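Chemist: the sequence and its predicted three-dimensional model are supplied below.
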Amino acid sequence: MTEAGTTGDLARQIDERIRRGRDRGQVPQIVLDLDGTLFDNVPRTKQILFDQARALFGGDAEITRTIRDLAEEAFEYNPVDTLRKHGIDDEETLGRLREAWARQFFGSDYLEHDAPLDGAVDAARAWWDQGAELNYMTGRHVPEMYLGTCRSLHEAGFPIGTIRTQLLMKPVFDLNDVEFKIETVPLIRRKGPIDLVVDNDPRVLNPLVRAVPEAIAVMVRTLHPKDAPTLAGGIPTVEDFRELMT
Ligand SMILES: [Mg+2]
């Protein structure tokens with residue numbers, strides 16, 4: 001049970017909010033995070049770690065074999081924590097691999113390995129069909145990630161590039177994700193009432209809810225940092241997007 005009652009109620013409330021806005025001639029706005037929300041990034045991280053470990057240490061190295069055999073469920077938010085938990089404890093090795101991982105993770109080349117979360121494509125399409133506008137608001141940055149992000153949204157089947165869709169990315173890497181998102185909110189609100197915000201990270205969701213108190217906010221329970229604050233009271237959590245569809 002959540003503040004909104006059962007998640008079935010949540011799904012109905014979302015549809016109702018979209019219908020109400022549309023009946024008033026407005027364009028209801030939906031704000032969706034990408035990493036850890038619409039997409040599961042674990043397959044991307046695993047492939048990058050494996051390729052980089054093989055390049056740095058060789059295919060027979062213990063670390064490379066450990067990564068190859070990792071189950072996707074074993075992954076933590078921080079890939080280095082995942083490896084430490086599985087017996088890799090040489091800090092120099094971990095440091096070199098983390099650096100190599102970050103170079104690829106914040107680029108376009110491996111985005112094809114991301115997997116849409118269950119129900120994410122269907123829910124996004126359904127809300128869009130009902131007349132809502134989809135704002136893909138992400139901490140990814142344009143210079144290295146724009147092309148791969150367009151391709152990955154399009155190939156997964158999310159509405160993108162057409163009316164009532166907008167991809168909102170950071171113009172540069174060195175910008176705080178949370179500040180970027182909070183500053184973007186008023187620009188989205190100018191287009192219509194913000195009815196729904198979905199994110200996977202309490203560091204983002206807590207301030208976002210304060211900035212958009214009028215929206216239904218939902219946290220997707222994927223991965224988030226261990227040191228993230230507790231999720232603000234009253235924000236419902238779901239396993240994936242199937243719980244948000246009527
Ligand atoms: Mg995220």
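Modeler: Good, I have the coordinates. Numbering: from 1, shown residues only.

Chemist: and residue 30, that one's in a strand?
Modeler: Yes - according to DSSP: H, G, I helix; E, B strand; the rest coil, residue 30 belongs to a strand.

Chemist: hmm, who's touching the helix or strand bottoming out on mean pLDDT in the chain?
Modeler: Every helix and strand in the chain was compared by mean pLDDT, DSSP states H and E; the lowest is helix 79-85, with a mean of 90. With Cβ atoms under 8 Å, 6 or more residues apart in numbering as the test, helix 79-85 has contacts from 45, 49, 63, 66-67, 70, 74-76, 94, 97-98, 101, 226. In short, each C-beta sits where N, CA and C put it, glycine included.

Chemist: out of those residues, grab the one that's most surrounded.
Modeler: Greatest neighbour count in the contacts of helix 79-85, by other Cβ atoms under 10 Å, goes to residue 49: 27 neighbours.

Chemist: need the phi and psi values for the spatially closest residue to that residue that is not a sequence neighbour.
Modeler: Leaving aside its chain neighbours, residue 49 sits nearest to residue 67 (4.8 Å; criterion: Cβ to Cβ, 6 or more residues apart in numbering). Phi and psi for residue 67, reported as degrees, to the nearest 10, are phi -60, psi -40.

Chemist: quick one: residues contacting residue 67.
Modeler: Here residue 67 is in contact with 46, 49, 50, 53, 83 (criterion: Cβ under 8 Å, 6+ apart).

Chemist: so which of the contacts of helix 79-85 comes closest to the ion?
Modeler: For the contacts of helix 79-85, the residue nearest the ion by Cβ to the ion is residue 45; the value is 13.2 Å.

Chemist: same question for the host helix or strand of that closest one, mean pLDDT?
Modeler: Using DSSP states H and E, residue 45 sits within helix 42-57. Taken as a whole, helix 42-57 has an average pLDDT of 96.

Chemist: and that helix, how far from the chain's centre?
Modeler: 21 Å (Cα atoms, centre = their mean, to the nearest Å).

Chemist: for stretch 171-179, same thing?
Modeler: In terms of Cα atoms, centre = their mean, the centre of stretch 171-179 is found 15 Å from the chain centre.

Chemist: show me where pLDDT drops low in the chain?
Modeler: With pLDDT under 70 as the threshold, the chain has low-confidence stretches at 1-7.
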